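>>> Provided below are the primary sequence and the corresponding predicted coordinates.
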Amino acid sequence: MNAIKKNFLPVRILAIESSCDETAAAVLENGRVLLSSVIASQIEIHQQYGGVFPEVASRQHVRTVYSIVDMALQQAHMSLDNMDAVAVTRGPGLAGSLVVGMNMAKGIALGKRLPLIGVNHLESHIYSAWLYQDETPNPPEPPEFPILALLVSGGHTELIIMKDHLVYQRLGGTLDDAAGEAFDKIARLFGLAYPGGPSIQNAAQTGNKNGFNFPRAKLEGSWDFSFSGVKTSVLRTVRDLEKSGRPLPIFDLAASFQESVVDILFQKTIQAAKEFKVKNIIVAGGVSANQSLRERFMSQKEFPVFIPPLKYCTDNAAMVAAAGYYRFVYGKTDSLDIDVLPTWPLTYTS
Ligand code: KG4
Ligand code: ZN
């Protein structure tokens, strides 16, 4: 695929993310150099509900989006006049939340006559592997194609092959819960705080990962995942322990659960990387913040693995700007009448 604006430097993208419960904005130069990234998390607001309350989320985005965009520009020491395009998460995500970021982006695009770029949230997570900070002395090499991306978040668990920029081939995905969703549900069962991933990780730190042997669904012959077996097994174990009147060994349960999810994700990803002879693996999305998962991938030597720094694993706008940049240079801009796409799959190639 030929980039139509290869020599047009520098390209600065302002990006907005509001697909779920984070309002975020970022300024990125030339697809990789991060000038600013600001995130307003709503976690404390949603903790009382034990998960994201969609209507509350969208109204909170309305309150914060303007100041977050303003802050991102200020931190980059730039104004809208220095921007070449505005990128925004178009989907998948919560409809009411997506609309807030989309309308902000359209307002800026209209007012400043900037191209608008609607970005897929899943491709944004993958493109977080290209980011680095402005002040980085030796910029890291970008990932090399063909790439296998394991995208693990609260809403998705997908294996995707990328043969080039913006070209995606979905190998498989979860047949039931997303990995992050399983973490969130099991944390709730243990009485731990939302979001469940970090809570389980903390509890697991002092636990014995071999304390319980939870199942690892292999789903031989497919690139799909399933977490319902491990989830049900944890639930049954907890119910049995409760019936026996013994105190719940939460730390051991958390460590054993986490180990089984890491095994499931790691084994299938490495198997796919071998089968498809990829050069690099990218692990991205909220669950890629998990320390055990990171260590497991980094400790194998067969494939160079890109896992974004912790702050770019969970939702942010820096990754939207990175994906938006590649859409921009390949001429994939959008008109001002696009709608949000709450269930937009990442199955297209371009
Ligand atoms: O990417 P993200 O911020 O939002 C979605 O696009 O879904 O991912 C959020 C998910 C939540 O399910 C959260 O529990 C999980 O990522 N997560 C983690 C960790 N940090 C966040 N899961 C396991 N270990 C973590 N350290
Ligand atoms: Zn996400």
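That came in fine, so what should we check first? Here the structure is a predicted model, which means the values were calculated and not measured. Ligands and ions are numbered 1, 2, ... in the order given.
>>> how near is the closest residue to ligand 2 within the stretch 201-350 of the chain to ligand 1?
Distances between the stretch 201-350 of the chain and ligand 2 by C-beta to the ion are smallest at Asp315, namely 4.4 Å. Just so you know, the C-beta spots here come from the backbone N, C-alpha and C atoms, and that holds for glycine as well. Distance, Asp315 to ligand 1, by C-beta to the nearest ligand atom, to the nearest Å: 4 Å.
>>> not counting sequence-adjacent ones, nearest residue to that residue?
Of all residues not flanking Asp315 in the chain, Glu22 sits nearest, at 4.3 Å (C-beta to C-beta, 6 or more residues apart in numbering).
>>> helix, strand or coil for the residue of the stretch 201-350 of the chain closest to ligand 2?
coil (DSSP: H, G, I helix; E, B strand; the rest coil).
>>> do the same with Gly324
Put simply, Gly324 is helix when judged by three-state DSSP.
>>> so what's it closest to, chain neighbours aside?
Counting by C-beta to C-beta, 6+ apart, Gly324 lies nearest to Ala87, which is 2.5 Å off, once chain neighbours are set aside.
>>> tell me which element the residue of the stretch 51-200 of the chain found nearest ligand 1 falls in.
Going by C-beta to the nearest ligand atom, ligand 1 is nearest to Gly197 of the stretch 51-200 of the chain, at 1.9 Å. Assigned by DSSP states H and E, Gly197 belongs to helix 196-204.
>>> need the contact partners of whichever helix or strand comes after that helix.
Going down the chain from helix 196-204, the next helix or strand is helix 228-243, by DSSP H and E. Helix 228-243 is contacted from outside by 175-177, 182, 185-186, 189-190, 212, 214-217, 248-249, 253, 257, 260-261, 264, using C-beta atoms under 8 Å, 6 or more residues apart in numbering.
>>> touching ligand 1 at all, helix 228-243?
No - counting by C-beta under 6 Å from any ligand atom, ligand 1 has no neighbours in helix 228-243; the shortest distance is 13.4 Å.
>>> how many neighbours does Pro142 have?
A count of neighbours around Pro142, defined by other C-beta atoms under 10 Å, yields 15.
>>> whoops, I mixed them up, Ile45
Other residues within reach of Ile45 by the criterion other C-beta under 10 Å amount to 14.
>>> ok so, going back, and the residue nearest to Gly324, that one's in a strand?
Yes - applying three-state DSSP, one finds Ala87 inside a strand.
>>> contact residues of the stretch 101-250 of the chain facing ligand 2?
Contact residues (C-beta under 5 Å from the ion) of the stretch 101-250 of the chain with ligand 2: Ser153.
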